[in-house]
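Okay, here's the prediction I keep looking at, along with the sequence it came from:
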Amino acid sequence: MSNDAPDPILGRAIDELRRLPPVDPVAIRRIVDAAAEARVTPADEPVFVGASASRPIRIWRAVGLAAAAAIAGFIVRGAVATKAPTQTVAETPVAMAPDAALRSVSSSSAESSPILQQFIFENAHAHTVSVVGDFNKWDRSTAPMTRSDDATWSVIIPIVPGRHIYGYMVDDSLFTLDPRAPKVRDVELGTDGSVVMVGRP
Amino acid sequence: MMHKVILGALLVTAMARVASAQDTTALIAGDRAANAELSKIIDGARANGLPVEPILAKVNYGVLMKAPAARIIAAVRGTAARLEEARAALAPNPTNADIAAGENALSSNVSVKSLKEIRGIAKNRPMAVPLGLLSQLVVSGVEEPKATKIVASLIRNGASVQQLAEVGNDFSSLVLGGLKPDNAIDLRANRLYAVLGVPTGSASAAGDQHSLQAGPSSPTPPGKKKP
């Protein structure tokens, strides 16, 4: 045996030391729960509007002006409105606005905030490819993919957790399913789409 | 200064009107009658406090797929009705994402009863992923009672949103690989039970244990990680 050859006894000892002890699932759950509680929600994260120091001030000025304008707009609208006042009071969306705001805040919890998701598609002949799906309201302009040297197209976009239907729009005209994903039929429209489940890591 | 304020007010009002018009004006090019009908459905849903994003997405999906206008209108009407049904099933405080997921589940032949059952177990947690998993199981051919039981059991045993999503993706990969849906979900759920430290033979697991066939190892969809 040469000096470079590994010692089998030493090797076994290293293997033994490398072996991890059994993991307690309760402990893991406790750690995960604690981490989830400590997670900074998007609402808590600092927002940087711009690099220059003067821009935030301008934006605040603009916001103030917009708010003043909106108030003035409501006053003007009320002055020239031809509808009866009872109709304005009866407008359901206005009455439901506070509730909607609360729902919006609660939905921004860690479990429902968007997650970056990568899409990969192979097509050597395409000139342009974009991802379309329910997450971007099937808008072909919002998620254009970038081609790499090996004819692989990819894009990373934020998607809220859940089950999503999608596909690829090739050359802005040909809808193509993801060959590596299950497909689902939309019976009402008579079309197929690919399916992906997105969850928070 | 006053004229600036008035000008700003007019600008804001005009922008709001344009945004509203873009939101409610449907996208079927050159079909005024269809667009008027779609706008009516969308405005009605909004006035009813329902999320309109799923309805707008349905319109765009139909247009992208070049579906006939009548078919798009029927699909949109169905979506609006299901959104209302989902909101009622997921009461008392469903978020817009919950309602959209409920609508998606209902369109996948999941019953209101199952929606209520999952809501009752998940309580105040977001419903999008649990209902998404349930939809995927049912639409793939797993019997609804069994699918509901498994999803409920996984939630009850502390499965995270990410783990549920992984179960959905791996289940689909197993089915694509040739495994029967029933066997695929048994296999994948049991693997998660092991991770969660739940004995698969116990009453706390799915309960209804099925014989497991040895299946192929689960391929991971692109861009995904296993739990």
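Thanks, I have the structure now.

switch to C-alpha atoms for all contacts and neighbour counts from now on
Fine.

Residue 183: neighbour count?
You didn't pick a chain, so chain A it is. 20 (other CA atoms under 10 Å in any protein chain shown).

please go with chain B instead
B:N183: 20 neighbours (other CA under 10 Å).

Model confidence score at it, please.
B:N183 is assigned 96 on the pLDDT scale.

Would you indicate which residues of the helix or strand where B:R119 lies are buried?
Assessed by DSSP states H and E, B:R119 sits inside helix B:112-122. Within helix B:112-122, the residues scored as buried using 16 or more other CA atoms under 10 Å in any protein chain shown are B:112, B:114-119.

Also stretch B:39-56?
Per 16+ other CA under 10 Å, stretch B:39-56 contains these buried residues: B:39, B:41-43, B:45-46, B:49-56.

Alpha carbons of it, as CSV, please.
The C-alpha coordinates for stretch B:39-56 follow below in CSV (Å, rounded to 0.1, in the frame of the first residue of the first chain):
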residue,chain,number,x,y,z
SER,B,39,-67.9,44.7,-20.1
LYS,B,40,-71.3,44.1,-18.5
ILE,B,41,-70.1,40.8,-17.0
ILE,B,42,-66.8,42.4,-15.7
ASP,B,43,-68.5,45.4,-14.3
GLY,B,44,-71.1,43.3,-12.6
ALA,B,45,-68.4,41.1,-11.0
ARG,B,46,-66.6,44.2,-9.8
ALA,B,47,-69.7,45.8,-8.4
ASN,B,48,-70.3,42.5,-6.6
GLY,B,49,-66.8,42.7,-5.0
LEU,B,50,-65.4,39.8,-6.9
PRO,B,51,-61.8,39.8,-8.3
VAL,B,52,-61.9,40.6,-12.0
GLU,B,53,-58.4,39.4,-12.8
PRO,B,54,-59.4,35.8,-13.5
ILE,B,55,-62.2,37.1,-15.8
LEU,B,56,-59.9,39.4,-17.7
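
Does that stretch reach chain A?
Yes - Stretch B:39-56 is in contact with chain A by CA under 8 Å from any CA of the partner chain, via B:46-49, B:53-54, B:56.

just for chain A, where's the confidence low?
Applying pLDDT under 70 to chain A flags the ranges A:1-111, A:200-201.

element containing B:I155?
In this assignment (DSSP H and E), B:I155 forms part of helix B:144-156.

quick one, that helix and helix B:112-122 angle?
Relative orientation of helix B:144-156 and helix B:112-122, computed by axes from the mean of the first three to the mean of the last three CA atoms, to 10 degrees: 10 degrees.

now, which of the residues of stretch B:39-56 next to chain A sits nearest chain A?
Of all the residues of stretch B:39-56 next to chain A, chain A sits closest to B:A47, with 5.6 Å by CA to the nearest CA.

circling back to that earlier point, could you pull up the mean pLDDT of the helix holding B:R119?
Across helix B:112-122, the average pLDDT comes to 96.

Run through who's touching the following helix or strand past it.
Later in the chain than helix B:112-122, the nearest helix or strand by DSSP H and E is helix B:128-140. Under the contact criterion CA atoms under 8 Å, 6 or more residues apart in numbering or on different chains, helix B:128-140 has outside partners A:161-163, A:184, A:197-199, B:97-98, B:100-102, B:104-105, B:108-110, B:115, B:118, B:144, B:147-148, B:151, B:155, B:161, B:164-165, B:167-168, B:181, B:185.

orientation of helix B:128-140 relative to helix B:144-156 in degrees?
If you take the same axes, to 10 degrees, helix B:128-140 sits at 150 degrees to helix B:144-156.

Let me see the mean pLDDT of helix B:128-140.
Mean predicted lDDT for helix B:128-140 stands at 97.

send the alpha carbons of it over as CSV?
The C-alpha coordinates for helix B:128-140 follow below in CSV (Å, rounded to 0.1, in the frame of the first residue of the first chain):
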residue,chain,number,x,y,z
ALA,B,128,-54.1,28.8,-3.6
VAL,B,129,-51.6,26.0,-3.3
PRO,B,130,-53.8,23.4,-1.4
LEU,B,131,-56.7,24.0,-3.9
GLY,B,132,-54.2,23.9,-6.8
LEU,B,133,-53.0,20.5,-5.7
LEU,B,134,-56.5,19.3,-5.2
SER,B,135,-57.5,20.5,-8.7
GLN,B,136,-54.4,18.9,-10.3
LEU,B,137,-55.2,15.5,-8.6
VAL,B,138,-58.8,15.6,-9.6
VAL,B,139,-58.2,16.7,-13.2
SER,B,140,-55.6,14.0,-13.5
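
Now the phi/psi pair for A:S130, please.
Main-chain dihedrals, A:S130, degrees, to the nearest 10: phi -140, psi 160.

Also A:T146?
When read as degrees, to the nearest 10, the backbone of A:T146 gives phi -110, psi 140.

so what's it up against?
By CA under 8 Å, 6+ apart, the contact list for A:T146 reads A:129, A:153-155.

By neighbour count, which of those wins?
A:V129 (28 neighbours).

need the contact list for residue 172.
No chain in the question, so chain A it is. Going by CA under 8 Å, 6+ apart, A:D172 touches A:128-130, A:140.

that's the wrong chain, I meant chain B
B:S172 makes contact with A:181-182, according to CA under 8 Å, 6+ apart.

I'd like the next helix or strand past the helix or strand it falls within.
Element membership of B:S172 [criterion: DSSP H and E] is helix B:161-176. On the C-terminal side of helix B:161-176, the closest following helix or strand by DSSP H and E is helix B:181-196.

Counting neighbours, which bits of that following helix end up buried?
Buried residues in helix B:181-196, counted by 16+ other CA under 10 Å: B:181-193, B:196.

contacts with chain A among these, please.
Checking the buried residues of helix B:181-196 against chain A by CA under 8 Å from any CA, the ones in range are B:L196.

And the buried residues of helix B:181-196, which is closest to A:P114?
Relative to A:P114, the closest of these is B:L192; by CA to CA it sits at 24.0 Å.

For the closest one, list the residues it contacts.
B:159, B:163, B:167.

In these, which residue is surrounded by the most others?
Greatest neighbour count in those, by other CA under 10 Å, goes to B:V167: 25 neighbours.

any chance of the contacts of A:D172 in CSV, plus secondary structure and distance to chain B?
Converted to CSV, these look like this (DSSP: H, G, I helix; E, B strand; the rest coil; distance: CA to the nearest CA, whole Å):
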residue, secondary structure, distance to chain B
A:T128, coil, 16
A:V129, strand, 15
A:S130, strand, 13
A:R140, coil, 9
